[in-house]
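Visitor: Here is a sequence with its predicted model. Questions after.
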Amino acid sequence: MVRNIAYMDQLISLTKMVSHAHPWEDEQILFEQLDDFLLDCFQLLSHGVFTHEISQHGHPQRKKIRSVWNKDMMSYAVSFDVLYAMIKKVLKKKNGLNKIHRIKHGGLYFCLFYYGMQDGQMVWGYIVNHEKIQAENKIFEFLHKYLKNSFSCVGEIKKIKGQSALAFIDDITGFYNHRKLLGDLNYLIEKNKRIGEAFSLLFIDIDHFKDVNDNFGHLVGTKLLSDVAKRIASLVREHDLLYRYGGDEFVVILTNTKYVDVKDIATRILHGVKNKKFKLDVENDYPLSISIGISRFPEDSSSSKEIICLADRMMYAAKKQGRGKVCLVGEKC
C-alpha cells in the first residue's frame, strides 16, 4: 500500500496538468526518458497513468477514458477494454480504492494504483509485468520526484509556446490559421511514415456568404463567420483540429479515424450548421448552409498540397450538386 498521502495529492495535481492539455512533443520526450528509466531499473513491461471521467450520476464513462502517458500512446483512448474491466473490478471493492490491486489477466500481472479524484475524474496508474511486482512504493516515489522536477520545465515551455502560438491563431474565429495548417499537415504526414496513422481533411465553405457581406455589411458578416466557427467547433470531437483557411473557408483535420466515421462527422457538421438559427440581430435570423469536401491521407493523396487540393475540389463538386452537401473522393455527392 502507498502510505504517503502527500505523494498521492501532489501526483494528482501533476497529472491534472497533463490531462487538460494535448500531449506536446516536449512532454513525449520527457515521458520517454521516464519510461526508459523505469523499464531498465524495475524490469517492467509497461506502465502508465490515465484519467477516467465520472458522469453526473457518479457512474464511470467508458468512452471518456484517456491515457495521460504510455510508452506506445499519448492520446485519447476510447477502447481501453482491458483497463476498463480492471476499473470495474476495483470499483466493486467497497474498501479497496486506496490500495494497490494486483489483477492477473492472461499471463500478465496488472498492478493498479488509485490516486484519487480531481475535477470529476478518477486518476489511475498501472504497471504491467510477468511477475508480481515487489517495488511499487519505490516506483511511486520515483514517479513523484521525477514529475515534480520535470514539470516545472515543461510548464515554462508551455508558457513560451503559448505566447508564440498567438501567431498561429485567427483572431476572428479562434481557429488555427493557414500557416499552422501547413505545419500540422507536414507533421502528420511524417507521423504517418513512422507509425502508419492515417488522417482525413474536411474542406468547408459557407454557401452564398458573399451575399451576407453585400447585403448587411462586413461587421455582420464577421459576426456570422465567428458564429459559424463556434457551431462547427461544437460539432467535432475534442481532439479534432480546426483551421480558418481564408475568407469563409474552414478546414477540419480528423486523425486516426475510420472512413465511415469521417463521413458521419462531416454529415453531422453539415446538418448542425443548417439547423442552427444564426442571428443578424436580436430579432432576425439568417439561414446558412455549408458545402464540405473530404480527402484522406494516404489513400487519396501523397502530399500536403494534394490533400488540400483534393478536398477543395470535392467541396466545389458539392456546390455544383446544389450546395449543402458532402462530397468524398471516389464517391457521388
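Guide: Cool, the structure landed. Numbers count the residues shown, from 1 in each chain.

Visitor: The chain: helices as residue ranges?
Guide: Counting by DSSP state H, the chain has these helices, from start to end: 5-19, 25-42, 81-91, 136-164, 178-195, 209-216, 218-235, 259-274, 304-320.

Visitor: Where among those helices is average confidence lowest?
Guide: Among the helices of the chain, helix 5-19 carries the lowest mean pLDDT, at a mean of 49.

Visitor: Count the residues that sit near residue 232.
Guide: 21 (other Cβ atoms under 10 Å). (Glycine included, C-beta is placed from N, CA and C.)

Visitor: So it sits against residue 204, correct?
Guide: Yes: assessed by Cβ atoms under 8 Å, residue 232 is found in contact with residue 204 at 7.0 Å.

Visitor: Residue ranges of each domain in the chain, please.
Guide: Domain ranges of the chain: 5-165, 169-328, per automatic domain parsing.

Visitor: measure residue 330 to residue 314 for me?
Guide: According to Cβ to Cβ, to the nearest Å, residue 330 stands 10 Å off from residue 314.

Visitor: neighbour count winner among those two?
Guide: Taking neighbours as other Cβ under 10 Å, residue 330 and residue 314 compare with residue 314 leading, 26 against 9.

Visitor: Against residue 178, how distant is that one?
Guide: Residue 314 sits 19 Å away from residue 178, going by Cβ to Cβ.

Visitor: now swap in residue 189 and tell me
Guide: 17 Å.

Visitor: give me the number of residues near the nearest residue to residue 203 once chain neighbours are set aside?
Guide: Of all residues not flanking residue 203 in the chain, residue 311 sits nearest, at 3.7 Å (Cβ to Cβ, 6 or more residues apart in numbering). A count of neighbours around residue 311, defined by other Cβ under 10 Å, yields 27.

Visitor: same question, the one 5 residues further on
Guide: Summarising burial for residue 316: neighbours were counted as other Cβ under 10 Å, giving 14.

Visitor: Residue 124 now?
Guide: Neighbour number of residue 124 under other Cβ under 10 Å is 22.

Visitor: Any idea what it is bridged to?
Guide: Per DSSP bridges, the residues bridged to residue 124 are residue 50, residue 114.
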